[in-house]
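Chemist: Output the structure for:
(chains A and B)
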Amino acid sequence: MEDFTLWVIISNLLLAARWTAGLALIAFAGGGIGGLIVMFMRVSPIKFCRVLAMAFIEVLQGTPLLMQLFMTFFGLSLLGIEVPPLAAASIALTLYTSAYLAEIWRGSVESIHKGQWEASACLALTRMQQMRHVILPQALRIAIPPTVGFLVQVVKGTALASIIGFVELTKAGTMITNATFKPFLVYGLVALMYFLLCYPLSRYSQHLERKLYAAR
Amino acid sequence: MSYQFDFSSITEYIPLLLKGMWLTIELTVFAVVVGLTLGIACAAGRGSRFKATRIIVGAYVELIRNTPFIVQLFFVFFGLPAMGVKMSETTAAFLAMTLNLGAYSSEIVRAGIQAIPRGHIEAGMSLALSRWQIFRHIIIVPAIQKVYPALASQFIIVMLGSSVVSQISAEELTFAANFIQSRNFRSFEVYFVVTGMYLALAIIFRQVFNLIGRRMFARN
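Modeler: The predicted structure is shown next:
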């Protein structure tokens, strides 16, 4: 029988926090790639692509992340594959992140003045070249602060992976609570650890935003 | 794929789903009303003359905004009773949702307040309006009007986030889904239907909030 001293609780939570951070990084990396694809489709001149991207964004922003997790977790099992919770959580969070990042980045791309498109069209650049050399470099500057801000949402979103049985910070908190009967202390510590993960990101995002607007 | 979809096994549970959906709506409406009030109070508190008020409100807002909703919920439902504050699942769900929305909406309202031109407030002062009158007529109403779309999307995020309160067994829509799939083992079908219900709710709520917004700010 292990005795749960404060130090044991904290060290176990810290070990679990690695998975929170890891899952957030997977979701952010996957969502970054996915978001870029969806964003390109969303601003595409082909109507079919635009409609598809809009539907994707609407569904993922209009349904709870928890439902998306359940659908991935139970949906993939229907194909007859054993789905580990980490895989289901990664896929669901990647899709969720793609939808939000696509919207954020679309906003940045559309905020670029129309004259930039026209000028680059006059230089006979193709659409891809316009994006690559003229629009995206300018949109990137605007996009960075809200993207960093959204990373906070991703970190917080990983907490829901605990519900499908993935042992990250929240799940570890529940397990330790069940063993120690100290919910106030344990959930307080869990909240504190999330805060320590998220608050620097929030502050950094605000800092970037201020810098961006000061430069104008 | 050998799996046969069977949506018909859900039909007998439709009343349960509707009952769950009703609690989701109730929780959302209460949380929006009380949470927005709390948010406005906090937005005012952050511009307070007293440093202590500013610090306390700031700490509350940052703590809520930088921790996951599910942890806040568990803290309220499991943590507080250990300190002697006991409450039912529904009350805990409502409390957690309100505290959550209070923090987020206060930041949105604050952005609206910061966008009020200084000259308007000075004009109010020169008309000898009291601090409260200035806040009520010159600051808060135009501020909310400015940020109303952002507030409306935050309300919808809260509605979607309410699916998490099923974890403390508040009997809303997701709880109904979990219950049904534990009975008929048709998990994918049940969650598919419920996801559709959430999507419909989100779309309806958005329309309703737009309508309320147009009604409230019609004369401008």
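
Chemist: which element is the residue nearest the centre of chain B on?
Modeler: For chain B, the residue sitting closest to the mean C-alpha position, by CA atoms, centre = their mean, is B:Val158 at 3.8 Å. B:Val158 belongs to helix B:141-161 when elements are defined using DSSP states H and E.

Chemist: could you list every residue that touches residue 60?
Modeler: Answering for chain A, as no chain was given. For A:Leu60, the contacting residues are A:68, A:95-96, A:98-100, by CB atoms under 8 Å, 6 or more residues apart in numbering or on different chains. (C-beta placed from N, C-alpha, C; glycine too.)

Chemist: that answer is for a different chain, and I need it for chain B
Modeler: B:Tyr60 sits in contact with B:42, B:103, where contact means CB under 8 Å, 6+ apart.

Chemist: quick one: what helix or strand has it in it?
Modeler: Under DSSP H and E, the secondary-structure element containing B:Tyr60 is helix B:51-65.

Chemist: Need the CA coordinates for that helix. PDB is fine.
Modeler: The C-alpha trace of helix B:51-65 is given here as PDB (Å, rounded to 0.1, in the frame of the first residue of the first chain):
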ATOM      1  CA  LYS B  51      -6.700  48.000  -6.700                       C
ATOM      2  CA  ALA B  52      -7.900  45.000  -4.600                       C
ATOM      3  CA  THR B  53     -11.100  44.600  -6.700                       C
ATOM      4  CA  ARG B  54      -9.000  44.800  -9.900                       C
ATOM      5  CA  ILE B  55      -6.600  42.100  -8.700                       C
ATOM      6  CA  ILE B  56      -9.300  39.700  -7.400                       C
ATOM      7  CA  VAL B  57     -11.400  40.000 -10.600                       C
ATOM      8  CA  GLY B  58      -8.300  39.700 -12.800                       C
ATOM      9  CA  ALA B  59      -7.200  36.500 -10.900                       C
ATOM     10  CA  TYR B  60     -10.700  35.000 -11.300                       C
ATOM     11  CA  VAL B  61     -10.900  35.700 -15.000                       C
ATOM     12  CA  GLU B  62      -7.400  34.400 -15.800                       C
ATOM     13  CA  LEU B  63      -7.800  31.300 -13.600                       C
ATOM     14  CA  ILE B  64     -11.000  30.300 -15.400                       C
ATOM     15  CA  ARG B  65      -9.800  31.200 -18.900                       C
END
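
Chemist: That one - what's its average pLDDT?
Modeler: Helix B:51-65 shows a mean pLDDT of 95.

Chemist: how about whichever helix or strand comes after it: buried residues?
Modeler: Beyond helix B:51-65 in the direction of the C-terminus, DSSP H and E gives the next helix or strand as helix B:69-74. If you call a residue buried by 16 or more other CB atoms under 10 Å in any protein chain shown, then helix B:69-74 has these buried ones: B:69-74.

Chemist: now swap in stretch A:194-206 and tell me
Modeler: By neighbour count on 16+ other CB under 10 Å, the buried set for stretch A:194-206 is A:194-195, A:197-199, A:201-202, A:204-205.

Chemist: What angle do helix B:141-161 and the helix or strand where B:Ile113 lies make with each other?
Modeler: When elements are assigned from DSSP H and E, B:Ile113 belongs to helix B:89-114. Calculated by axes from the mean of the first three to the mean of the last three CA atoms, to 10 degrees, helix B:89-114 forms an angle of 150 degrees with helix B:141-161.

Chemist: Briefly note if the lengthiest helix in chain B comes near chain A.
Modeler: Counting by DSSP state H, the longest helix found in chain B is helix B:14-46. No - shown here: helix B:14-46 not in contact with chain A (CB under 8 Å from any CB of the partner chain), separated by at least 9.9 Å.

Chemist: Quick check: mean pLDDT of that helix?
Modeler: The predicted model gives helix B:14-46 an average pLDDT of 95.

Chemist: just stretch A:128-143 next, same as before
Modeler: 92.

Chemist: next helix or strand past the helix holding B:Val158?
Modeler: By DSSP H and E, the next helix or strand past helix B:141-161 is helix B:173-184.

Chemist: hmm, who's touching that next one?
Modeler: Outside helix B:173-184, the residues that reach it (CB under 8 Å, 6+ apart) are A:64, A:66-67, A:70, A:74, B:9-10, B:13, B:16-17, B:19-21, B:23-24, B:163-166, B:169, B:186-187, B:190-191, B:193-194, B:197-198.

Chemist: what angle do it and helix B:89-114 make?
Modeler: Angle of helix B:173-184 versus helix B:89-114, following the same axes, to 10 degrees, is 150 degrees.

Chemist: Okay, and A:Ser98 sits in which element?
Modeler: Remark: A:Ser98 resides in helix A:85-110, with elements defined by DSSP H and E.

Chemist: buried set for that helix?
Modeler: Within helix A:85-110, the residues that qualify as buried are A:85-106, A:108-109, counting by 16+ other CB under 10 Å.

Chemist: how about the helices in chain A?
Modeler: A:6-42, A:47-61, A:65-78, A:85-110, A:114-122, A:127-129, A:136-157, A:169-180, A:183-214.

Chemist: May I see the ones you listed organised as JSON lines, with distance to B:Ala82 added?
Modeler: Compiled in JSON lines, the helices of chain A are given as follows (distance: least, CB to CB, whole Å):
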{"stretch": "helix A:6-42", "distance to B:Ala82": "15"}
{"stretch": "helix A:47-61", "distance to B:Ala82": "36"}
{"stretch": "helix A:65-78", "distance to B:Ala82": "26"}
{"stretch": "helix A:85-110", "distance to B:Ala82": "28"}
{"stretch": "helix A:114-122", "distance to B:Ala82": "58"}
{"stretch": "helix A:127-129", "distance to B:Ala82": "59"}
{"stretch": "helix A:136-157", "distance to B:Ala82": "24"}
{"stretch": "helix A:169-180", "distance to B:Ala82": "10"}
{"stretch": "helix A:183-214", "distance to B:Ala82": "4"}
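
Chemist: got a list of what residue 86 touches?
Modeler: With no chain named, the answer covers chain A. Listed by CB under 8 Å, 6+ apart, the contact set of A:Leu86 reads A:23, A:161, A:166.

Chemist: Oops, wrong one, chain B.
Modeler: With contacts taken as CB under 8 Å, 6+ apart, B:Lys86 has the following neighbours: B:Leu80.

Chemist: Which strands or helices does the host helix or strand of B:Val208 pack on?
Modeler: Counting by DSSP H and E, the element that carries B:Val208 is helix B:187-216. If contacts are counted by 3 or more CB pairs under 8 Å, 6 or more residues apart in numbering or on different chains; DSSP states H and E, helix B:187-216 sits against helix A:47-61, helix A:65-78, helix B:14-46, helix B:141-161, helix B:173-184.

Chemist: Of these, give the one that comes closest to A:Leu212.
Modeler: helix B:141-161 (19.0 Å; CB to CB).

Chemist: May I see the buried residues of the closest one?
Modeler: When neighbours are counted by 16+ other CB under 10 Å, the buried residues of helix B:141-161 are found to be B:142-144, B:146-148, B:150-152, B:154-161.
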